[in-house]
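Student: Sequence first, then the predicted structure:
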Amino acid sequence: MTAARLKRIGWAVLAPTAAVVFSVAVSSLALWASGNPPFTAWTEMIEFANDTGRMISIVNRAVPLYVSALAVGFAFKMNLFNIGVEGQYQLAVVLAAALGAAVELPAPLHVALIIVTAMTVGAAWSGVAGVLKAYRGVHEVISTIMLNAIVTSGLVAYLLSAYLRDESETSIIKTEPIAPSGLMPSLNRVLENLGVEVPQGVDLQGFVIVAVLLGVAFHVVVNRTRFGYDLRASGVNPWAAQASGVSARGMIIKTMLISGAIAGLVGMSQLLGFFERYHQDFPTGLGFAGIAVALLGRNNPIGMAIGALLFGFLNVSAQILDLNDIPKEIIDIMQATILLSVVVSYEVVRRFVAAAERKAAAAATGGMATQPARTAVLEEQGS
């Protein structure tokens, strides 16, 4: 690995590291202001998470955040801000859960049908914003926010109450349960074969494998295919990409469709590995958290995985704060600070890198660049 590549990696790691350090500092000040020793709080969180069962819980919580970040990051590659992941995955998981409960198929086909349904619904809902952007010039942030509002404020509740509700339940509104053939088995047996003792009642959700495959596919498509090249070129300079034969409208719609298809999978780990149906206690906010994870990971599959695990750790370890009368809202402060500081740190690092590159270019070409000017001045003085 060359020195220049190592330097680029160092600059890339510096920004998220600085953001995390800054957020820890701000959160520590908040802890101190509330009368809680920061060092004690962080130590208790780390010790609480240092347990096999809780580590598995961290991974389980990180999976939907990672998938959400992949959906956001894919759109980011073309400078599109798909802020509608929240609505896309909620609508997808409701319809996929209802269809999964309505049919009975052999296990692989049943699971595949649910997953394909979720991807199709997510892509269709995201595609609405893509079409509006491509043909009407409606900014995707505006359209996806409105589409989120439609889903979260009424559409899901209407579908559940009017068509998809389990009539045998009267107290809680939820869909009918999915048959065992439509659920993904846990990976506990794999862990046990590796010598890991899994506590009773804890399951490593099988959707972890799908999340890993999604990360690999993300890298291959973006960095190793012609479509990925056109995607990145359109994000850097859409006019130049269009001049080279890339359809701007086509790329917008394709990107939003793929981003939405990934977003449709955000709720699949909980649906197929824990809840086994959709109901009113299904996790929300995963789409917005995925934006922070994507920014922290710089839209890189490995970086986003690390960011998702960090957020999973914060969510799990927050439980010990309540037990020690420490406000768990400190976790919300830290996550919000990460989201804000990561943007600032990226801009600061970008300016440092740009300044260093200009300085290196000036040093490399300074002699040749100034020689013609010096000759012209001497000739003018001689005349």
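Tutor: Cool, got the structure.
Student: helices and strands around the host helix or strand of residue 45, which ones?
Tutor: Secondary structure from DSSP states H and E places residue 45 in helix 38-49. With contacts taken as 3 or more CB pairs under 8 Å, 6 or more residues apart in numbering; DSSP states H and E, helix 38-49 sits against helix 3-33, helix 52-76, helix 301-323. C-beta coordinates here come from the backbone N, C-alpha and C atoms, glycine included.
Student: the inter-axis angle of it versus helix 52-76?
Tutor: Between the axes of helix 38-49 and helix 52-76, defined by axes from the mean of the first three to the mean of the last three CA atoms, to 10 degrees, the angle is 100 degrees.
Student: For helix 38-49, list the C-alpha coordinates in PDB.
Tutor: Output of helix 38-49 as PDB, limited to C-alpha atoms (Å, rounded to 0.1, in the frame of the first residue of the first chain):
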ATOM      1  CA  PRO A  38     -19.100  11.100  33.100                       C
ATOM      2  CA  PHE A  39     -16.300   8.500  33.600                       C
ATOM      3  CA  THR A  40     -18.600   6.400  35.800                       C
ATOM      4  CA  ALA A  41     -21.400   6.500  33.200                       C
ATOM      5  CA  TRP A  42     -19.200   5.500  30.300                       C
ATOM      6  CA  THR A  43     -17.500   2.700  32.400                       C
ATOM      7  CA  GLU A  44     -20.800   1.200  33.400                       C
ATOM      8  CA  MET A  45     -22.100   1.300  29.800                       C
ATOM      9  CA  ILE A  46     -19.000  -0.600  28.500                       C
ATOM     10  CA  GLU A  47     -19.100  -3.100  31.400                       C
ATOM     11  CA  PHE A  48     -22.800  -3.700  30.800                       C
ATOM     12  CA  ALA A  49     -22.300  -4.400  27.100                       C
END
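Student: between that helix and helix 301-323, how big is the angle?
Tutor: 110 degrees.
Student: residues in contact with helix 38-49?
Tutor: For helix 38-49, the external contacting residues (CB atoms under 8 Å, 6 or more residues apart in numbering) are 24, 27-29, 31-32, 54-55, 58, 313, 316-321, 324, 326, 330.
Student: Kindly check the end-to-end length of stretch 262-272 for me.
Tutor: The first residue of stretch 262-272 is 16 Å away from its last residue (CA to CA, to the nearest Å).
Student: what residue is smack in the middle of this protein?
Tutor: residue 69 (0.9 Å; CA atoms, centre = their mean).
Student: circling back: just the buried residues of the contacts of helix 38-49.
Tutor: Among these, those buried by neighbour count (16 or more other CB atoms under 10 Å) are 27-28, 31, 54-55, 58, 313, 316-318, 320-321, 326, 330.
Student: What about the nearest residue in space to residue 95 that is not next to it in sequence, how many residues nearby?
Tutor: Leaving aside its sequence neighbours, residue 95 sits nearest to residue 121 (CB to CB, 6 or more residues apart in numbering; 5.1 Å). Neighbourhood size, residue 121 [other CB atoms under 10 Å]: 24.
Student: can you confirm residue 121 is in a helix?
Tutor: Yes - under DSSP: H, G, I helix; E, B strand; the rest coil, residue 121 sits within a helix.
Student: Give me the pLDDT for it.
Tutor: Per-residue pLDDT puts residue 121 at 97.
Student: Relative to residue 97, how far out is it?
Tutor: 11 Å (CB to CB, to the nearest Å).
Student: do residue 105 as well
Tutor: The value you get for residue 105 to residue 97, if CB to CB is used, is 15 Å.
Student: correct me, but residue 126 touches residue 82?
Tutor: Yes - using CB atoms under 8 Å, residue 126 is in contact with residue 82, at 6.5 Å.
Student: Which neighbours do those two have in common?
Tutor: Counting by CB under 8 Å, 6+ apart, the residues touching both residue 126 and residue 82 are 144, 256, 259, 260, 263.
Student: most neighbours, which of those residues?
Tutor: residue 263 (36 neighbours).
Student: Now do the contacts for it.
Tutor: Residue 263 makes contacts with 67, 68, 71, 82, 84, 85, 88, 89, 92, 122, 126, 287, as judged by CB under 8 Å, 6+ apart.
Student: rewinding a little: just tell me which of the helices and strands packed on helix 38-49 ends up closest to residue 358.
Tutor: helix 3-33 (14.7 Å; CB to CB).
Student: May I see the buried residues of the closest one?
Tutor: Quick answer for helix 3-33 (16+ other CB under 10 Å): 12, 14-16, 18-20, 22-23, 26-28, 30-31.
Student: Residue ranges in the stretch 101-250 of the chain under the pLDDT threshold?
Tutor: 169-170 (pLDDT under 70).
Student: And the strands in it?
Tutor: For the stretch 101-250 of the chain, strands defined by DSSP state E, counting those that start in this stretch do not occur.
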